[in-house]
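> What follows is a predicted protein model with its sequence.
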Amino acid sequence: MTDRTHLVDRITGHRRMRRNRKADWTRRMVRENTLSVDDLIWPIFLVPGTGITEPIAAMPGVERMSVDRAVEAAKAAAGLGIPAIATFPNIEMALRDEAGSNSLAADNLINTATRAIKAAVPEIGIITDVALDPFTSHGHDGILRDGEIVNDETVEAIARAAVIQADAGADIIAPSDMMDGRIGAIRAALDAAGHQGVGIMAYATKFASAFYGPYREAIGTGGLLKGDKKSYYIDPANGTEAVRDAGLDVDEGADMLMVKPGLPYLDICWRLKEAYGLPVFAYQVSGEYTMVKAAAANGWIDGERVMLETLLSFKRAGCDGILSYFAMDVAKILARR
């Protein structure tokens, strides 16, 4: 050995971290986290009509689809092994009102899509949201009365909507509204209607984030929103409050917990997994997706590598899965490996 080697060994105590990094096979052998197609949930956007695919300007590569096209997309997702899709409707403005009443229609866009997809692709899971924002004329997640989003009246409406969605064939209800007490009310309503097997994935910590802009364009609420959602979404500064909020969802019967957005809140993903031990999911939201796509389009980053690295970071933070608009792209990449 050289004197320099003796010096390094004295400093490191013969512990050399690079031994496990020296070759591809050793790196693979000691890898702590891996990303698989089983980790992916694909959010899709629905529009009325037939034979329609509409590009979303703020989300390059993402389209709104009519129900028939969504059925074909679900078939493709199932063929790649993606376990589940999450559906979000962009309904006609004429059907939106102050109370979001179209959310309670058995034949509304989201329920029609659920029935069609379940009939054609029964093996794929369907996750539906009961928040009212796609159905309201003001863009809020709840019922607006005298300038206030009223909590208990909203909870009553979304619990009814949850039963209707379960009747249509939804496998998991994922309420994103952040009203107090909604998980317990939804669980009670589902059980009373005979839907004990339908799960609840709580948007346990949904933050009042600036990352949602492209999504609001996708569901047609961007120009409708009156004010902001800070009175019911969580302050981005508050981690302990987020953990407490999630704990209430656990107590009320949530089967799974979701953190939204994803990348800015990896610490919350870890804290929820450590605190409660339930399956934890992150939603890689529209703003996160668009930033990667825009930077890649300008040649500033390697889009594919960054996409995969961001998804792996969720696994490292304790997540059991990720809702991502990249899901189809990633599934195709993983299928080639």
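Arrived safely, thanks for sending.

> and residue 249, what element?
helix 239-251 (DSSP states H and E).

> Next secondary structure after that helix?
Per DSSP H and E, the first helix or strand lying C-terminal to helix 239-251 is strand 256-260.

> Using PDB, write out the CA atom coordinates for that next one.
Only the C-alpha atoms of strand 256-260 are listed here, as PDB (Å, rounded to 0.1, in the frame of the first residue of the first chain):
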ATOM      1  CA  MET A 256     -54.900   5.000   2.700                       C
ATOM      2  CA  LEU A 257     -53.400   8.500   3.000                       C
ATOM      3  CA  MET A 258     -52.400  10.900   0.300                       C
ATOM      4  CA  VAL A 259     -50.000  13.900   0.300                       C
ATOM      5  CA  LYS A 260     -50.600  16.600  -2.200                       C
END
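
> Sheet-wise, list the partners of that strand with their directions.
When pairing is defined by DSSP bridges, strand 256-260 lines up against strand 199-206 (parallel), strand 280-284 (parallel).

> quick one: which of those is nearest residue 248?
strand 199-206 (8.6 Å; C-beta to C-beta). For glycine as for every other residue, the C-beta is placed from the backbone atoms N, C-alpha and C.

> Tell me how far the closest one lies from the chain's centre.
Mean-position distance between strand 199-206 and its chain equals 9 Å (C-alpha atoms, centre = their mean, to the nearest Å).

> re the thing from before, ranking the strands paired with strand 256-260 by burial, who's on top?
Of all the strands paired with strand 256-260, strand 280-284 has the most neighbours on average by mean count of other C-beta atoms under 10 Å, namely a mean of 27.

> Just the C-alphas of that strand, formatted as PDB.
C-alpha atoms of strand 280-284 as PDB (Å, rounded to 0.1, in the frame of the first residue of the first chain):
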ATOM      1  CA  VAL A 280     -49.100   6.500   1.900                       C
ATOM      2  CA  PHE A 281     -49.400   8.000  -1.600                       C
ATOM      3  CA  ALA A 282     -48.100  11.200  -3.100                       C
ATOM      4  CA  TYR A 283     -49.800  13.100  -5.900                       C
ATOM      5  CA  GLN A 284     -47.200  14.500  -8.300                       C
END
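
> Helix 239-251 and that strand, what's the angle between them?
Compare the direction of strand 280-284 with that of helix 239-251 by axes from the mean of the first three to the mean of the last three C-alpha atoms, to 10 degrees and you get 120 degrees.

> got a list of contacts for strand 280-284?
41, 43, 201, 203, 256-263, 265-266, 269, 272-273, 310-311, 314, 317-326 (C-beta atoms under 8 Å, 6 or more residues apart in numbering).

> Ok, stretch 247-259 next?
In contact with stretch 247-259 (C-beta under 8 Å, 6+ apart) are residues 172, 174, 180-181, 183-184, 187, 199-206, 246, 265, 268-269, 272, 275-276, 278-283, 319-320, 323.

> Tell me where this structure has strands.
With DSSP state E as the definition, the chain shows strands at residue ranges 40-46, 53-55, 63-65, 84-89, 125-128, 143-145, 148-150, 172-173, 199-206, 256-260, 280-284, 321-324.

> Which among the ones you listed is found nearest to residue 304?
So among the strands of the chain, strand 321-324 is nearest, using C-beta to C-beta, at 13.6 Å.

> Just list what that closest one packs against, helices and strands only.
For strand 321-324, the packing partners by 3 or more C-beta pairs under 8 Å, 6 or more residues apart in numbering; DSSP states H and E come out as strand 40-46, strand 280-284, helix 303-316.

> Straight-line length of stretch 133-141, end to end?
4 Å (C-alpha to C-alpha, to the nearest Å).
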